[in-house]
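Q: Sequence and predicted model, in that order:
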Amino acid sequence: RLVVAGHADRSGPEPYNEALSEQRARNVARALVQRGVPEQALDLEWFGERRPRIPTPDDQREPRNRRVEIVFG
């Protein structure tokens, strides 16, 4: 199984970042399926701004927190 997890930085409102991280995870999952990964092998998660790679204050942009992680499980 593959876990596809979307993340966002802390710039912008929290609900927007939640939706953005979901969109990121879904886009990567779609690309994986188009390249032959079975859809049923994917688990999608999104965390918005709750799990930053680099801790920042609210409303600060941090490109390294805008990401999708793919974890083999």
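A: Sure, I can see it.
Q: from here on, contacts and neighbour counts on C-alpha atoms
A: Will do.
Q: Let me see the ranges of the helices in the chain.
A: 14-34 (DSSP state H).
Q: For the residue in the chain sticking out farthest from the centre, give its distance to residue 29.
A: Going by C-alpha atoms, centre = their mean, the residue of the chain most distant from its centre is residue 36, 20.5 Å out. Look at residue 36 and residue 29: by C-alpha to C-alpha, to the nearest Å, they are 11 Å apart.
Q: And for residue 68?
A: From residue 68 across to residue 29, the span is 10 Å (C-alpha to C-alpha).
Q: which residues do those two both contact?
A: By the contact definition C-alpha atoms under 8 Å, 6 or more residues apart in numbering, residue 68 and residue 29 are jointly contacted by residue 4.
Q: isn't residue 56 right up against residue 8?
A: No: counting by C-alpha atoms under 8 Å, residue 56 does not reach residue 8; the two are 11.7 Å apart.
Q: okay, those two: which has more neighbours?
A: More neighbours surround residue 8 than the other of residue 56 and residue 8, with 31 against 14 (other C-alpha atoms under 10 Å).
Q: separation between the residue nearest to residue 47 when sequence neighbours are not counted and residue 14?
A: Excluding its sequence neighbours, the residue lying closest to residue 47 (C-alpha to C-alpha, 6 or more residues apart in numbering) is residue 7, at 5.4 Å. Per C-alpha to C-alpha, residue 7 is found 12 Å from residue 14.
Q: joint contacts of these two?
A: Any residue near both residue 7 and residue 14 by C-alpha under 8 Å, 6+ apart counts here, and that gives 48, 49.
Q: ok, these two, which is more surrounded?
A: Neighbours per residue (other C-alpha under 10 Å) separate residue 7 from residue 14, with residue 7 holding more: 29 against 17.
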